[in-house]
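> Build me a model from this:
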Amino acid sequence: MAAMIMTKKHAHTLFWTRLIVWAHALGVASFYLAIWRRTIPSKADRLCVLPNTNSRDPQTDGISPFISVIIPARNEEENIVRCVCSLLEQDYERYEVIVVDDGSTDGTSRILDELAQTHIHRQRLWVLRLRELPTGWAGKPHALHRGVQEAQGDWLLFTDADTWHAPNSLRCALVQAVSEQADLFTLSAEQELPAFWDKTLMPMAYLGISMLYPPRQVNNPQSKIAIANGQYILMRRAVYTIVGGYARPDLRGTLLDDRDLARVVKDNGFRLRFVDSSGLVHVHMYKNLDETWRGWRKNAYLGNRGGLLFVGLQLIGLPMISLMPFLFPLLALVLQKKGILNKRAVALTSVSELVPLLAYRLWLNRMLKIPWYYVFTHPLAGGIFTTILGQSSWRILTGKGVDWRGRTYHTKH
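Numbering: from 1, shown residues only. Below is the predicted model:
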């Protein structure tokens, strides 16, 4: 009798262990196949590249509104020259460049003064200097708001100081925005990823963002999902004014200025378009691991959809889809030795986990121009982003706050 009971318990254990193993293998495979399908860009969601020209291109005849380019800059001495010069040298004729120096304490102010005095197109450049951040505002929304107050354009281009732009990028974006009747036209920039940590962490960041905000859903007027890329947002001035812009109480203090502006635009029935820049806009977001950590920590919890429960699921799920697939073959071999799995099951479950993951990562690496062998940094990136998300959630929920560029937000006083 006892032997029969032990046999039943053993059979029960075998059944549930095998079920869990196969469920995990199929779950990981389904996740990567689904996210791959959700994030493959449509051919229509790319910027149409017009040829470079030294004068107004015939394709822009009749499309020549005045554009105000607004660049918020705080301690950007390493980036500001490349960014501003690339924007002053656009082949579109009717535009201005407004740099909002947001209380910089490095050499940014001096560099801007030199550009304003020496650049061949200095007549297009206006530097607005801010000294204090009013209560209730986050730094970037306030800088953009003040820039808009000085702007003369029919269209507004919000871009970051760590970007640089091909000479035909502004003209290409405007022509397509007008032809597609977009009210907010945003581009995904090509990432410059020179260092190990850039190449390791950016694919995981891309995976997370595209999972939460699939491009096709963002571009679907029937979907409520909305996001923009703050590195390049081209927007009709009239629409910005109608929705209230960054002066809205719900946008003044946001650390997700791009996503929240896109949400407001879409919620008010205006047309949002998110397309790939086709290599005409470039960005190098972070200089080192510490800056990368702080940058993503600032947004990881606040940028999530689905609330605290979903964040909890991500904290459990992210290691399961990034770390466990690489450990799974070892686990399967252990289960084989215990007689729970046979050789065929070990092979099938291991292949089911790793092949879709590696295929997706190879495709993603190719898109981001990262060497193929960085697929093996996937577990490291998953572990780091799990920690960043956990720390971001803890700091926001406990009121300790998140810091960025010398300022701290979301603290409880």
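> Could you double-check that T411 lies in contact with G399?
Yes - taking contacts as C-beta atoms under 8 Å, T411 lies within contact range of G399: 5.7 Å. Yep, even glycine has a C-beta here, placed from its N, CA and C like the rest.
> Between the two, which has more neighbouring residues?
Neighbour tally, T411 and G399, criterion other C-beta atoms under 10 Å: the higher count belongs to T411, 13 against 10.
> now the host helix or strand of K140: mean pLDDT?
With elements delineated by DSSP states H and E, K140 resides in helix 139-150, which encompasses its position. Confidence for helix 139-150, expressed as mean pLDDT, is 97.
> Ok, stretch 105-117 next?
96.
> what does stretch 18-31 give?
The average pLDDT within stretch 18-31 is 85.
> mind listing what's buried in that stretch?
21, 24-25, 28-29, 31 (16 or more other C-beta atoms under 10 Å).
> Which parts of the stretch 101-250 of the chain are strands?
For the stretch 101-250 of the chain, the strands defined by DSSP state E, counting those that start in this stretch cover 125-130, 155-159, 163-165, 184-188, 190-191, 232-236.
> Out of those, which gets nearest to E77?
Shortest distance between E77 and the strands of the stretch 101-250 of the chain, using C-beta to C-beta, is found for strand 125-130: 14.2 Å.
> Give me the sheet partners of that closest one and which way each runs.
According to DSSP bridges, strand 125-130 has the following sheet partners: strand 95-102 (parallel).
> Quick one: work out the angle between the strand it pairs with and helix 139-150.
Per axes from the mean of the first three to the mean of the last three C-alpha atoms, to 10 degrees, the angle that strand 95-102 makes with helix 139-150 is 140 degrees.
> and strand 95-102, how far out from the chain's middle?
For strand 95-102, the distance from its own C-alpha centre to the chain's C-alpha centre is 23 Å (C-alpha atoms, centre = their mean, to the nearest Å).
> Setting aside sequence neighbours, what's the nearest residue to R361?
In this structure, R361 finds its nearest non-sequential neighbour in V375, 4.2 Å apart by C-beta to C-beta, 6 or more residues apart in numbering.
> swap that for A166, please
L280 (4.1 Å).
> right, and that neighbour touches S169 too?
Yes - using C-beta under 8 Å, L280 is in contact with S169, at 3.9 Å.
> Between the two, which is the more surrounded one?
Residue environment comparison for L280 versus S169 gives the larger neighbour count to S169, 30 against 22, counting by other C-beta under 10 Å.
> From V28, how far out is that one?
39 Å (C-beta to C-beta, to the nearest Å).
> Can you point out the buried residues in the helix or strand encompassing F328?
Using DSSP H and E, F328 falls within helix 324-337. Of the residues in helix 324-337, those buried by neighbour count under the rule 16+ other C-beta under 10 Å are 324-326, 328-329, 331-332, 335-336.
> just stretch 90-105 next, same as before
90-92, 95-104.
> ok, now stretch 338-356?
Applying a neighbour-count criterion of 16+ other C-beta under 10 Å, the buried positions in stretch 338-356 are 340-341, 345-346, 349-350, 352-354, 356.
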